[in-house]
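Novice: Have a look at this prediction, sequence included:
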Amino acid sequence: MSEDWAAVAKAIDERIEQLGVLQRAVAERAHVSQAIIRELQYNTVQRRRSARTLEALSVALEWDPQHLGRVLRGGKLPPTAEQQVSDRLAAIEDRLSEIVDRLDEINANLTARGEADDRPG
């Protein structure tokens, strides 16, 4: 299985920007040197990193501990909190649309029934 360090670099770079933190702060949180953060973020040195280092960086970047390991191995990532909320809202909107359609159908049936009752007979 190949390792995609460029994907790790991209993920770290985007996350650092997203969180608005400095390399130094990530290094302190992860208990690694700032040089390691720099090497990984810019993909300047391709060497094997311990699983513990990637886990510590994942946690420091507010991801689950296995996040960067999965990125490295090209694995499927769990949806982000934003994606989960977006997916849930889409499901709610779909269900509301079904309810509105059903209510329109019921209303049309009641209207038709009321008009039939108003006819002289």
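Specialist: Okay, I see it.
Novice: residues contacting residue 61?
Specialist: 12, 15, 16, 19, 26, 67, 68 (Cβ atoms under 8 Å, 6 or more residues apart in numbering). (Glycine included, C-beta is placed from N, CA and C.)
Novice: Mind giving me the PyMOL command for buried ones among the residues you listed?
Specialist: Isolation of the buried members of the contacts of residue 61 (16 or more other Cβ atoms under 10 Å) is achieved in PyMOL through the command below:
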select buried, resi 12+15+16+26+67+68
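Novice: so which of the contacts of residue 61 comes closest to residue 113?
Specialist: Within the contacts of residue 61, the smallest distance to residue 113 is 57.9 Å, found for residue 67 (Cβ to Cβ).
Novice: wait, the closest one sits on residue 60?
Specialist: No - taking contacts as Cβ atoms under 8 Å, residue 67 lies outside contact range of residue 60: 10.8 Å.
Novice: For the lengthiest helix in the chain, the averaged confidence score.
Specialist: Longest helix in the chain by number of residues, with DSSP state H as the criterion: helix 81-118. Looking at helix 81-118 alone, the average pLDDT works out to 87.
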